[in-house]
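Q: fold the following, please.
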Amino acid sequence: MDFAQLEKKYGGFYAPAFEIRVDGKELRGLGLEIAGVTVDQALRAADHFSFTVNNLYGESGDNGNGFDLFLPAGKKVEIRLGYAGTLEPVLTGVVASIATGFDGTGSPRCTVSGYDLSYPMMRGMKPRSWDNARHSDIAAIVAAEYGLRCQFDPTDVVYPKVMKAAGKSDFHFLQQLADENYYECFVSGDTLYFRKPPRDGEPLFALEWRKQLLSFQPEVNFAEQVTEVEVRGWNPKTKKEIVGVARTGDEAGQRPGPGRKTGGELVRELLREPVKLNVRHPVFSQQEAEQLARSILNKHAEGLVRGGGETIGLPDIRPGRTIRLEGLGARFSKPYYVEKSVHAVSASGYHTTFHVKESMI
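A: Next up, the predicted model:
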């Protein structure tokens, strides 16, 4: 999308606005005064929200204006952000906390916070196991148990047994399975996504420094880069070692171009010798060992270029999406993949901060 189209969509970015519904009831329509709202989104964690209500209590300190609206905790919350006339849904979640402060300065203020619909999955700590299952099958099963839809890319390896240890939540267990496949696992709205990172798609739009892009701080980090990953396991049936190897060039999402180099290529040039990572891991097959090696290599490669930035409030900037940054010179003007975003609307306006990553320079 051209940024001019985005500007037109949001009416020139005038009059920042938001809407918060709890169990389908719009809060300001109930007479509540909302001081501001913040939505914090991330690929590897549950999205978090908070907002402050100034007049939840009456002057006498009672809760006549609606404290009971948020009880019991766990009520469904829907948040939309944007500008007058155009609001975009950014989070569906549940209330997890209600904090109130009583002091001598006036009416007590109440801060309501919570998480997206992955929050219940963080409480499931029981041990579990599945027989003859793919990781994507397990993701679909767990999603259904929590009343979530599941969109997934099928994984290849069928495991004779997959076990989840006691003390690990269902959410973090699915994150572990995603890591082993170089997948993403997150909840958006009422859907669990278990998928390959879609990083080859066209950027949503471009932000230019000193125009829409208010600031950007990129970092190129060679410290964690490797040229080769070797995964070793043991096949108890054949009594033979299983070895899976991934090398520079096997990274996902390579885009050819003059001067484009991966972290592995750059560190090899710097040190003049391979940088190998050896991993011991229980694996059942050669296919699984090679898949895990590629996943580990990709995880290291994606840490080459990371950065944080700030822009005007844009609800379209969310984890799992690609944006392009411009005006930053030849090295840093390119597409980036969003891994975190924070949207804040208050009396001072609407601003979005974000963290992005890229695997080549």
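
Q: ok, residues contacting the longest helix along the chain?
A: Longest helix in the chain, counting residues (DSSP state H): helix 286-301. Helix 286-301 has contacts (Cβ atoms under 8 Å, 6 or more residues apart in numbering) with 156-157, 159, 179-182, 224-226, 228-233, 242-248, 250-252, 262-264, 277, 279, 281, 283, 359. Heads up, the C-betas are built off the backbone N, CA and C, glycines and all.

Q: now, of the residues you listed, which are buried?
A: With burial judged by 16 or more other Cβ atoms under 10 Å, the buried subset of the contacts of helix 286-301 is 157, 159, 179-182, 225-226, 228-233, 242, 244-248, 250-252, 262-264, 277, 283, 359.

Q: and the gap between the residue nearest the centre of the chain and residue 356?
A: For the chain, residue 43 is the residue whose C-alpha lies nearest the centre (Cα atoms, centre = their mean; 1.5 Å). To residue 356, residue 43 is 11 Å away according to Cβ to Cβ, to the nearest Å.

Q: got it, and residue 122?
A: Taking Cβ to Cβ, one finds residue 122 at 26 Å from residue 356.

Q: neighbour count: the two, which is higher?
A: Ranked by neighbour count (other Cβ atoms under 10 Å), residue 122 and residue 356 place residue 356 first, with 24 against 14.

Q: that one in helix, strand or coil?
A: What DSSP: H, G, I helix; E, B strand; the rest coil gives for residue 356 is strand.

Q: tell me the bridge partners for it.
A: residue 307, residue 338 (DSSP bridges).

Q: which stretches in this protein count as helices?
A: 3-9, 135-145, 170-181, 263-271, 286-301, 329-332.

Q: tell me the angle of the second one relative to helix 170-181?
A: With axes from the mean of the first three to the mean of the last three Cα atoms, to 10 degrees as the basis, helix 135-145 and helix 170-181 are set at 160 degrees to each other.

Q: show me what counts as buried in helix 135-145.
A: Under the neighbour-count rule (16+ other Cβ under 10 Å), helix 135-145 has 135, 136, 137, 138, 139, 140, 142, 143 buried.

Q: wait, residue 132 sits on residue 159?
A: Yes - checked against Cβ atoms under 8 Å, the pair residue 132 and residue 159 is within contact range at 7.4 Å.

Q: for the stretch 101-250 of the chain, give me the ranges with low pLDDT.
A: Residue ranges of the stretch 101-250 of the chain with pLDDT under 70: 104-106.

Q: please repeat the previous calculation with a cut-off of 80.
A: 101-108, 124, 199-201, 236-237 (pLDDT under 80).

Q: can you dump the C-alpha atoms of whichever strand in the chain runs longest in CSV for me?
A: Secondary structure of the chain per DSSP state E: the longest strand is strand 86-101. The C-alpha trace of strand 86-101 is given here as CSV (Å, rounded to 0.1, in the frame of the first residue of the first chain):
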residue,chain,number,x,y,z
THR,A,86,-11.5,4.5,10.8
LEU,A,87,-10.6,2.1,13.6
GLU,A,88,-8.8,-1.2,13.2
PRO,A,89,-9.1,-4.2,15.5
VAL,A,90,-5.7,-4.8,17.2
LEU,A,91,-6.4,-7.1,20.1
THR,A,92,-9.0,-9.6,21.5
GLY,A,93,-8.2,-10.8,25.0
VAL,A,94,-9.3,-11.2,28.5
VAL,A,95,-9.1,-9.1,31.7
ALA,A,96,-6.3,-10.4,34.0
SER,A,97,-5.8,-7.5,36.5
ILE,A,98,-7.6,-4.5,38.0
ALA,A,99,-5.4,-2.1,40.0
THR,A,100,-6.8,0.8,42.0
GLY,A,101,-5.1,3.5,43.9
